[in-house]
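In: Below are the sequence and a predicted model; questions follow.
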Amino acid sequence: KVYLPLPRDLGASKEDIKNKDIREAIPAYPLGLCHKIVTNSPLSSALIHQPQDTQARDMVVEYPSEGAFIHHRHFKRYLEGEQNQLQLHRLKKFVESEPKIGIARNAETMATEEGHLYRINMLRLKIGDKTEEGFSLLVEAQGIEFTNSQGVSKLGGENKLFSYKISEERGILEYDEDEKQELITGIRKADNTFKLYFAMPTIWESSTAIEKTGWRAAWMNLGGEQQSFIDQVTGKTLTCQLLTAAVGNYQNVGGWEIVYHRPKRMYRAVPAGSVYYLKLVSGQPEDVIELFHNKNLSDCRAQEGFGLAYVGAVSC
């Protein structure tokens, strides 16, 4: 089983989210693309709850504030434009709270600072037992060679031990030729409109002179903008108009430079699960899948995995 961050154009009933007795998956409801809006926003469309079922019309649908995940099979159906019988899993299914107590040290003497004892809540992945399944992180990496198919190694600035096992899970979110043709047809039927989902935090550089680190890429055009996405490998270009987006609040992304022994530059990143609705102005739907699907599109630190994107169909 593989789980991904819940797309931010999906939500759940407010009652289901607050119900602590529900331990398993809960229904996920999609937000529909609405073009008939009156607004002073530069976005031409909006995402709203448009239930087909009359019983769900009065339902309050929201994105779980603590975060949620979706099974990869449901996620694949979501990308294909399916809107019914999707499910989400709340964060508490995967992690458990673990308090950590720490101290502050004087930068010069490294002595403990008086009155600087703190306690913060950390999260640990559930290990699992006979009654509950455990969870781990699925990582795809290049340039790393392990001598054994499983073992123990060190990770991070604190050199924490972790166990690893080479996984057989590969290509679960790739489109085969039939699925690819179906998606291309769907994009054309939707007037060259598609959605771009990001499974990892994404760092966008300046969209305009004002937005130092924006919530959108420079090539996601608004109004009369005419910038294009240029693939550095093939040289192909795509011009897209941004219709609307569900991005959530930014998160800070930093790190530590092991070589230079200093902190990395801090960025404000669009969080995982963010979704952009785009209209293809110039280019072909085939190129959208080739250049965007399962590619790292982040303007910064893409080689580290930021900005992993997947292309999906927009339901008409």
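Out: Now that the structure is in, tell me what you want to look at.
In: quick one: what helix or strand has Leu280 in it?
Out: Using DSSP states H and E, Leu280 sits within strand 275-282.
In: Actually, Ile17.
Out: Per DSSP H and E: helix 14-18 holds Ile17.
In: List of residues touching that helix?
Out: With contact meaning CB atoms under 8 Å, 6 or more residues apart in numbering, helix 14-18 is reached by 22, 26-27, 59-62, 64, 90. Using the backbone N, CA and C atoms, a C-beta is placed for each residue, glycine as well.
In: Ok, stretch 287-299 next?
Out: Residues from elsewhere that reach stretch 287-299, judged by CB under 8 Å, 6+ apart: 173-175, 180, 183-184, 187, 194, 196, 198, 200-205, 217-218, 229, 231, 234, 236, 238, 269, 280, 302-303, 305-311.
In: if we can go back for a sec, if any of the contacts of helix 14-18 are buried, give me the ChimeraX selection for them.
Out: Buried members of the contacts of helix 14-18, defined by 16 or more other CB atoms under 10 Å, are picked up in ChimeraX with:
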select :26,27,59,61,64,90
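In: want to throw the contacts of helix 14-18 into JSON lines with distance to Leu138, secondary structure and pLDDT?
Out: Output for the contacts of helix 14-18, formatted as JSON lines (distance: CB to CB, whole Å; DSSP: H, G, I helix; E, B strand; the rest coil; pLDDT from 0 to 100):
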{"residue": "Ile22", "distance to Leu138": "26", "secondary structure": "coil", "pLDDT": "74"}
{"residue": "Ile26", "distance to Leu138": "23", "secondary structure": "strand", "pLDDT": "90"}
{"residue": "Pro27", "distance to Leu138": "25", "secondary structure": "strand", "pLDDT": "90"}
{"residue": "Met59", "distance to Leu138": "33", "secondary structure": "coil", "pLDDT": "79"}
{"residue": "Val60", "distance to Leu138": "33", "secondary structure": "coil", "pLDDT": "83"}
{"residue": "Val61", "distance to Leu138": "29", "secondary structure": "strand", "pLDDT": "86"}
{"residue": "Glu62", "distance to Leu138": "28", "secondary structure": "strand", "pLDDT": "89"}
{"residue": "Pro64", "distance to Leu138": "21", "secondary structure": "coil", "pLDDT": "90"}
{"residue": "Arg90", "distance to Leu138": "19", "secondary structure": "strand", "pLDDT": "90"}
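In: about what we covered before: kindly provide the whole-number mean pLDDT of the strand holding Leu280.
Out: Averaging pLDDT along strand 275-282 yields 96.
In: Sheet-wise, list the partners of it with their directions.
Out: strand 193-198 (antiparallel), strand 237-246 (antiparallel) (DSSP bridges).
In: Having no further points to raise, I will conclude here.
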